[in-house]
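Novice: how would this look folded up:
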Amino acid sequence: MRPIIEFCANNMHFGTDEIMDQLEENPDYDVIEYGCLSNCGQCYMTPFALVNGELVITDKVEDLYNAILAKIAEADAWSELDLD
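Specialist: So this is what the prediction gives:
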C-alpha cells in the first residue's frame, strides 16, 4: 500500500513545506496538503503530519522527515506480517 502523507497548510510556519517538498519527490508516496487537518491546537505548537491517518509529531521540523520515514517503515512491517 502506498503511504499517504498529509500536511496542514497552517502548520507550514514551522517549515513543514520543505519536508513536504522532499517527500513529494518520491513517486512511491502520496503527499497531500490540506488547508486544515482539524488538529488546531497541534498545528500551532509543533511540526506534524499524518501518515496513513496517524499523527506524527516532533519538537523540531528537522526531525519530522525521519519520523515520517520511521512511521512508513513501521506500517510496511505490519503489512508484511499481515501477508504471512
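
Novice: quick check: buried residues in stretch 6-19?
Specialist: Of all the residues in stretch 6-19, those buried under the rule 16 or more other C-beta atoms under 10 Å are 6-8, 11-12, 14, 16, 19. Where you see a C-beta, it was placed from the backbone N, CA and C, and this is true even at glycine.

Novice: I meant stretch 55-74, not that one.
Specialist: 56, 58, 61, 64-65, 67-69, 71-72.

Novice: ok, now stretch 19-29?
Specialist: Buried residues in stretch 19-29 (16+ other C-beta under 10 Å): 19-20, 23, 29.

Novice: and that stretch, how far apart are its ends?
Specialist: Stretch 19-29 has an end-to-end distance of 13 Å (C-alpha to C-alpha, to the nearest Å).

Novice: contacts for the lowest-mean-pLDDT helix or strand in the chain?
Specialist: Ranked by mean pLDDT, DSSP states H and E, the weakest helix or strand in the chain is helix 40-45, scoring a mean of 80. Defining contact as C-beta atoms under 8 Å, 6 or more residues apart in numbering, one finds that helix 40-45 is touched by 8, 10-11, 36-37, 48, 55, 57.
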